[in-house]
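Peer 1: Sequence and predicted structure are below.
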Amino acid sequence: MYKLRYFLLCVVLLGFGCKREKLDDQQFVQKYLTGKWSTPFYVKIDLKNGDTVKKDTVKFKSADTVFFTSSQKFVKHNDSIGFQIDAAGENIAFMTNPDSTWYIPYVRSTYFKLIYSRKVVSGTDTFYYKIEQQFNK
């Protein structure tokens with residue numbers, strides 16, 4: 001009986017002792033992305049009027065390493081590019097010329113994926129370009 005009371009007291013103290021901090025999606029994604037990631041492969045798909053023109057999966061022999069810093073910089077090799085995550089935490093915009101916005105479809109404990117898509121209409125033809133990049137811890 002004494003052990004049960006001691007256990008319940010510890011649980012109650014622990015529950016009230018922990019500071020709860022509200023975390024919105026933008027903050028969560030930004031904190032999650034901060035760190036070192038490897039990029040083992042990417043997939044590039046080109047469509048013309050809904051038909052696949054080119055589908056290319058590139059697997060790197062040695063995975064590239066990239067960094068997302070807490071000061072909102074994306075570092076690959078010696079290049080550093082700024083980025084910004086939208087309020088919903090669904091898109092990441094890289095500060096390049098022209099700007100490129102990538103969609104974040106999911107974030108898992110050891111990996112996440114970014115997708116870039118672009119639509120171009122030329123005469124009667126519609127072209128879709130899509131790149132999927134996976135990042136692993």
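Peer 2: Now that the structure is in, tell me what you want to look at. Numbering: from 1, shown residues only.
Peer 1: So residue 68 versus residue 123, what's the distance?
Peer 2: Counting by Cβ to Cβ, to the nearest Å, the separation of residue 68 from residue 123 is 40 Å. (C-beta placed from N, C-alpha, C; glycine too.)
Peer 1: higher neighbour count, these two?
Peer 2: The neighbour comparison of residue 68 against residue 123 (other Cβ atoms under 10 Å) goes to residue 68, with 21 against 5.
Peer 1: Which residues are in contact with the more buried one?
Peer 2: Taking Cβ atoms under 8 Å, 6 or more residues apart in numbering as the criterion, residue 68 is in contact with 33, 34, 35, 37, 74, 75, 83.
Peer 1: do that again at 7 Å, thanks
Peer 2: The neighbours of residue 68, taking Cβ atoms under 7 Å, 6 or more residues apart in numbering as the test, are 33, 34, 35, 37, 74.
Peer 1: Next one, pLDDT for it please.
Peer 2: According to the prediction, residue 68 has pLDDT 88.
Peer 1: so what's it bridging to?
Peer 2: As for beta bridges, residue 68 partners with residue 35, residue 74 under DSSP bridges.
Peer 1: So residue 26, which state does it fall into?
Peer 2: On the three-state scheme (DSSP: H, G, I helix; E, B strand; the rest coil), residue 26 is labelled helix.
Peer 1: Could you measure from it over to residue 54?
Peer 2: Here the distance between residue 26 and residue 54 works out to 34 Å (Cβ to Cβ).
Peer 1: So those two - more neighbours on which side?
Peer 2: Comparing residue 26 with residue 54 by neighbour count (other Cβ under 10 Å), the higher total belongs to residue 26, at 15 against 10.
Peer 1: quick one, strands of the protein?
Peer 2: Residue ranges of the strands in the chain, as given by DSSP state E, are 35-48, 51-68, 73-76, 79-85, 91-94, 100-107, 111-122, 125-136.
Peer 1: No more questions from me, cheers.
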